[in-house]
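Peer 1: Pasted the sequence and its predicted model underneath.
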Amino acid sequence: MSEGDKVYRFLKNVALGPLVELTFHPWIEGMANIPSQGSAIVASNHLSFSDSIFLPIAFPRKITFLAKAEYFNAPGIKCKATAAFFSGVGQVPVDRTGGNAGTAAIATGVRLLREGHLLGIYPEGTRSPDGRLYRGKTGVARMALEARVPVIPCAVINTDKVQPVGRTRPNFNVDVGVRIGEPLD
C-alpha cells in the first residue's frame, strides 16, 4: 500500500469520513453502479470545493482526481496545506492554461486507468458559478477511448449550499447527496 493510499484511508475512515457522516448525513443513490474492481472514469458535476470531499467519502473505492494545478503551486500557508492534502491523497495536478497544457494530465489519467484505478474528473473543468451544468471538455472522452474504460456519470447535490463560492466556513443544515448513474461505454 502506497503512502498516498494510507493517507487517503486515514482521511476517509478516521479523520474526515466519520465527521462528514455525522455532520451532514449524506445520502447516496446508485451504489450498485460502482464496479468493485477494474478501471472507470467517474465524471461529476462540480458545484463546490467540498465535492472533492463528499465524492471520495461516498465511494467505497479510492478515486484519484485530476485537480487544478493551482491547488499544488499557489503561494501562502493555506495553499501549502491544500497542496499537502491533495498530494497526500494522490491527486494529479492539471495545467488548465489551454492548448496542449493538459496533455500530461490526460496521459497520467490514462496510465492510472490502465493500472485499474477509478479516476475522478469534473468534465466542465471548473466549478459551476451558478449551479447549472455547462459544456464539458473533451478529456473524459479522450481518456475513456484511449484506456477503453466505462464512464460513470455522477451528480453531487447541494454542495454549493454547503460551501458557496467565496465562503470558507461550511453551512451545516444542508441535505447533501450523491447520485451515481449506470456506467456508459
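Peer 2: Okay, I see it.
Peer 1: Which positions within stretch 61-68 qualify as buried?
Peer 2: 62, 63, 64, 65, 66, 67, 68 (16 or more other Cβ atoms under 10 Å). (C-beta placed from N, C-alpha, C; glycine too.)
Peer 1: three-state assignment of the fourth one?
Peer 2: Using DSSP: H, G, I helix; E, B strand; the rest coil as the criterion, the local structure at residue 65 reads strand.
Peer 1: what's the spacing between residue 135 and residue 123?
Peer 2: Residue 135 sits 9 Å away from residue 123, going by Cβ to Cβ, to the nearest Å.
Peer 1: cool, residue 35 as well?
Peer 2: 20 Å.
Peer 1: More neighbours: those two, which one.
Peer 2: Taking neighbours as other Cβ atoms under 10 Å, residue 35 and residue 123 compare with residue 123 leading, 20 against 14.
Peer 1: That one: what's its closest spatial neighbour, skipping adjacent residues?
Peer 2: Using Cβ to Cβ, 6 or more residues apart in numbering and skipping residues adjacent in sequence, the residue nearest residue 123 is residue 136, 3.1 Å away.
Peer 1: Then residue 102?
Peer 2: Here the residue nearest residue 102, using Cβ to Cβ, 6+ apart, is residue 94, at 5.6 Å.
Peer 1: before we move on, what about residue 27?
Peer 2: Closest residue to residue 27 apart from its sequence neighbours, by Cβ to Cβ, 6+ apart: residue 177 at 4.4 Å.
Peer 1: show me where this protein has helices.
Peer 2: With helices called from DSSP state H, the chain shows them at 3-10, 16-24, 51-58, 70-73, 77-88, 103-114, 139-147, 159-162.
Peer 1: who wins for proximity to residue 39 among the ones you listed?
Peer 2: Closest to residue 39 of the helices of the chain is helix 103-114 (Cβ to Cβ; 4.3 Å).
Peer 1: for that closest one, the distance to its chain's centre please.
Peer 2: Helix 103-114 sits 15 Å away from the centroid of its parent chain (Cα atoms, centre = their mean, to the nearest Å).
Peer 1: Let me know the angle separating it from helix 139-147.
Peer 2: Helix 103-114 and helix 139-147 meet at an angle of 50 degrees, taking axes from the mean of the first three to the mean of the last three Cα atoms, to 10 degrees as the criterion.
Peer 1: Pull out the buried positions in helix 103-114.
Peer 2: Of all the residues in helix 103-114, those buried under the rule 16+ other Cβ under 10 Å are 105, 106, 108, 109, 110, 112, 113.
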